[in-house]
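J.: next comes the sequence, and after it the predicted model I'd like to discuss.
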Amino acid sequence: MKFKNRNVIISPKAKIGQNVRIGDDTVIYDNVEIGDNSIIANNCIIGEPNSDYYYTDDYENESTVIGSGSLIRSHCILYSGSIFGKKFITGHRVTIREKTKIGDYCRVGTLSDIQGDCTIGNYVWLHSNVHIGQKSQIENFVMIYPYVVLTNDPTPPSNKLVGVHIKSFAQIAVFSVLLPGVEIGEHSLIGAQSTVDKSVAPFSLTLGSPAKHIKDVREIMSRENGQPHYPWPMRFDRGMPWEGIGFKKWKDEK
Amino acid sequence: MKFKNRNVIISPKAKIGQNVRIGDDTVIYDNVEIGDNSIIANNCIIGEPNSDYYYTDDYENESTVIGSGSLIRSHCILYSGSIFGKKFITGHRVTIREKTKIGDYCRVGTLSDIQGDCTIGNYVWLHSNVHIGQKSQIENFVMIYPYVVLTNDPTPPSNKLVGVHIKSFAQIAVFSVLLPGVEIGEHSLIGAQSTVDKSVAPFSLTLGSPAKHIKDVREIMSRENGQPHYPWPMRFDRGMPWEGIGFKKWKDEK
Amino acid sequence: MKFKNRNVIISPKAKIGQNVRIGDDTVIYDNVEIGDNSIIANNCIIGEPNSDYYYTDDYENESTVIGSGSLIRSHCILYSGSIFGKKFITGHRVTIREKTKIGDYCRVGTLSDIQGDCTIGNYVWLHSNVHIGQKSQIENFVMIYPYVVLTNDPTPPSNKLVGVHIKSFAQIAVFSVLLPGVEIGEHSLIGAQSTVDKSVAPFSLTLGSPAKHIKDVREIMSRENGQPHYPWPMRFDRGMPWEGIGFKKWKDEK
């Protein structure tokens, strides 16, 4: 029943790749480029113009690129001026503002809100309802769980935004807030409900408000088997480039 | 102005009951069954296929059932493979994934996100923006307030999900997170902003991060009248089966 | 590509001002009045009827007013019976229920959820994903950041709602919850992740769960220049009526 081209509007200035399927009621604005074999489900807005569109006569939409093999679920709004890598997968009702750069194999969950002007690496998974402030920088293989906020204004309100920097393999649990300018070290784990006001060392389990170092993540045991669970890439490979190979071998071969 | 059948798409394989009204721009997929006298407002997707739909040729949509007398407000997405009891009422923009079973007389507020594979009893009220993780089990007469998260992964990321179990008459206040596997006792009240990492006894007011038992809920006085307010069914009956009868009498008669 | 009047439905009982532009798939219900030079983007519902509409034959929609020069972004739902002042600007997917009164020059961010029956002054900025409970009262020049909840039920569930009162120039940082009936003093700043259970004095930096007075906001220095940053109107003027004039001069001239 999908992809019957009911009420689909595609700008003549958009470039649609081979074997792309577009759902009903979706709008594709000027200068959008969609990679081969991608699916854009129903009711999406791709290349949403910024507000100058409403108020100037000679508005030219910035280019928007969606990589090949992507799946954008229904009711998403992706602004113009953003670039998404290949195999990009979203939930429903995601909003991503302009000047966002997202790498390959990333996932962004239902209701997440990326405020624009930020950089996200490869294999980053944002769960449902994550809020990424402007100027955020997220490296690779980072996982962020629901209702996490990355802030940017040290003395609100001001015009000086200082983004958060999350390094590779870090994880941020539900309801945590990262205050402006903090750096989260590689492989660290921020516990639920934490307020992180200082930078966090690599491999640190950090927790609380204000958040404190609790222990090395390598001391945390899995409930599944009583063995150490971290660094997590040694125990978890679903959807990762080391799936079926093992992290160590994959890393050695790189 | 509603229910003029503009752009409504209903699968020939859906079963629509007597006196059902369906709003503009709503899509009803294969194998959906809608009970008599229900209202599905505008822009809803009922029986949303799971992602196999996009990638396999012989996809068969699982059955989806909505009980009689339900009201699904606009912009909701209910996945196929879920079952909703009678008099089910939602706010706007609710997302409910597959394999969710919800009983009778339940309410789910605007923007709530039920991740699927969970079981919810009767007369459960989820307020706006509640996030229910997979494998959650919620009994009857439970109330969950905005921005509450039920988690499920004890050592993220892992493939072993352990759901939360909330027993009847419990209430969870705003911004609380229930960690994987905890059980919330009957009639207990979890205070705002709590991180519940251990199971909670019945009739307990529990609060904080990590959450601690504060006192018996029966010691809490109402601001309305200075009398004990809990167990709440003794003081509150709007929309409940003991409305106008009293909880005690209703219980005795059952 | 916008404003081509595709699938736009406007009640003959609505009053549309001069030079108003309305996006595709938007519905304007009975007794809505839209001020001159406003923009209502795609997929909005303006004047959404309350639930009596579904169940009564002689339903008459309450009047809804949107001031001149407003910009309502896509996918917003504004209920009937609410009044919005001039230059009202929203993000996407905002939900505002009935009996809400919002003044001039206000902004409400993406995914925010205003539950109705509340009063908001002028120049109030609600960021993304703010939840305003019924009976809330917000004065002028207030800023509320993402994932803040204003509650109203002191002994849930009950029928006695007691709203929060936020005085002018106050700011509430991310993930804070204001418990029923608290008053937030002028120019105060509530820190991230706070649970505010008591009223807060003017000019107070208040923080924690339960929230405590930390210091006078006038002792907080800006990271930009090492100077005192508060009261913020002395340092920030973007979009404010004292822009280019200075707060002091503007105040003196009033």
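T.: That came in fine, so what should we check first?
J.: and the residue lying farthest from the centre of chain A, which of the three is it?
T.: The outermost residue of chain A, judged against the average C-alpha position, is A:Asp57 (32.9 Å), by Cα atoms, centre = their mean. Using DSSP: H, G, I helix; E, B strand; the rest coil, the structure places A:Asp57 in coil.
J.: the lengthiest helix in chain A: how far from the chain's middle?
T.: The residue-count maximum for a helix in chain A (DSSP state H) belongs to helix A:247-253. Distance of helix A:247-253 from the chain centroid (Cα atoms, centre = their mean, to the nearest Å) equals 25 Å.
J.: stretch A:126-133 now?
T.: Relative to the centre of its chain, stretch A:126-133 is centred 7 Å away, using Cα atoms, centre = their mean.
J.: stretch A:117-131 too?
T.: 2 Å.
J.: can that stretch be found next to chain B?
T.: Yes: counting by Cβ under 8 Å from any Cβ of the partner chain, chain B is contacted by stretch A:117-131 at A:Ser128, A:Asn129. In short, each C-beta sits where N, CA and C put it, glycine included.
J.: check stretch A:67-83 too.
T.: Yes: judged by Cβ under 8 Å from any Cβ, stretch A:67-83 comes into contact with chain B through A:Leu71, A:Ser74, A:His75.
J.: you'd agree the second one is up against B:Ile77?
T.: Looking back up the chat, that one is A:Ser74. Yes: using Cβ atoms under 8 Å, A:Ser74 is in contact with B:Ile77, at 6.7 Å.
J.: what about the residue farthest from the centre of chain A, distance to chain B?
T.: Here the criterion is Cβ to the nearest Cβ, to the nearest Å. By it, A:Asp57 lies 31 Å from chain B.
J.: and what of A:Leu150?
T.: For A:Leu150, the distance to chain B - Cβ to the nearest Cβ - is 17 Å.
J.: ok, now which ones touch that residue?
T.: A:His131, A:Ile132, A:Gly133, A:Ser136, A:Gly163, A:Val164, A:Ile166, A:Leu178 (Cβ atoms under 8 Å, 6 or more residues apart in numbering or on different chains).
J.: what of A:Asn122?
T.: So A:Asn122 contacts A:Gly85, A:Gly103, A:Asp104, A:Tyr105, A:Cys106, A:Asn140, A:Phe141 (Cβ under 8 Å, 6+ apart).
J.: closest to chain C among those?
T.: Set against chain C, the nearest of these by Cβ to the nearest Cβ is A:Cys106 (20.2 Å).
J.: nearest residue to the closest one other than its sequence neighbours?
T.: Excluding the flanking residues, the one nearest A:Cys106 by Cβ to Cβ, 6 or more residues apart in numbering or on different chains is A:Val124, at 4.8 Å.
J.: burial check on that neighbour, number of neighbours?
T.: 22 (other Cβ atoms under 10 Å in any protein chain shown).
J.: my guess is it meets A:Asn140, correct?
T.: Yes: with contact defined as Cβ under 8 Å, A:Val124 counts as touching A:Asn140 (6.8 Å).
J.: find the residues that touch each one of these two.
T.: Going by Cβ under 8 Å, 6+ apart, residues that sit against A:Val124 and also against A:Asn140 are A:Gly103.
J.: on that earlier part again, next up, the contacts around the residue farthest from the centre of chain A.
T.: Contacts of A:Asp57 by Cβ under 8 Å, 6+ apart: none found.
J.: so where's chain A shaky on pLDDT?
T.: Chain A contains residues with pLDDT under 70 at A:1-2.
J.: could you rerun that using 50?
T.: Scanning chain A for pLDDT under 50 picks out no residues.
J.: now do the helices in it.
T.: For chain A, helices defined by DSSP H occupy the ranges A:52-55, A:247-253.
J.: that older thread, buried sites along the longest helix of chain A?
T.: A:Phe247, A:Trp250 (16 or more other Cβ atoms under 10 Å in any protein chain shown).
J.: do the same with stretch A:234-241
T.: Quick answer for stretch A:234-241 (16+ other Cβ under 10 Å): A:Arg235, A:Phe236, A:Asp237, A:Met240, A:Pro241.
J.: now, those that are in strands?
T.: Counting by DSSP state E, no part of these is found in strands.
J.: and those as CSV, adding distance to A:Leu205?
T.: As requested, the buried residues of stretch A:234-241 are exported to CSV (distance: Cβ to Cβ, whole Å):
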residue, distance to A:Leu205
A:Arg235, 16
A:Phe236, 17
A:Asp237, 22
A:Met240, 21
A:Pro241, 26
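J.: check the spacing between A:Arg73 and chain C real quick.
T.: Taking Cβ to the nearest Cβ, one finds A:Arg73 at 15 Å from chain C.
J.: what parts of the stretch 101-250 of chain A come near chain C?
T.: Near chain C, when you scan the stretch 101-250 of chain A using Cβ under 8 Å from any Cβ, you find A:111, A:113, A:115, A:129, A:131, A:147, A:149, A:151, A:154-160, A:162, A:175, A:177, A:179, A:193, A:195, A:209.
J.: now the residues you listed: which count as buried?
T.: A:111, A:113, A:115, A:129, A:131, A:147, A:149, A:151, A:154-158, A:162, A:175, A:177, A:179, A:193, A:195, A:209.
J.: picking up where we left off before, TSV for the buried residues of stretch A:234-241, including distance to chain B?
T.: Converted to TSV, the buried residues of stretch A:234-241 look like this (distance: Cβ to the nearest Cβ, whole Å):
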residue	distance to chain B
A:Arg235	7
A:Phe236	5
A:Asp237	10
A:Met240	9
A:Pro241	15
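J.: just flag the most distant two among those.
T.: The most widely separated members of the buried residues of stretch A:234-241 are A:Arg235 and A:Pro241, with 15.6 Å between them, by Cβ to Cβ.
J.: contacting residues for A:Tyr54?
T.: C:Arg21, C:Ile39, C:Leu71.
J.: I'd like these laid out as a markdown table, including distance to chain A and neighbour count.
T.: Below are the contacts of A:Tyr54 laid out as a markdown table (distance: Cβ to the nearest Cβ, whole Å; neighbours: other Cβ atoms under 10 Å in any protein chain shown):
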| residue | distance to chain A | neighbour count |
| --- | --- | --- |
| C:Arg21 | 8 | 15 |
| C:Ile39 | 5 | 22 |
| C:Leu71 | 7 | 19 |
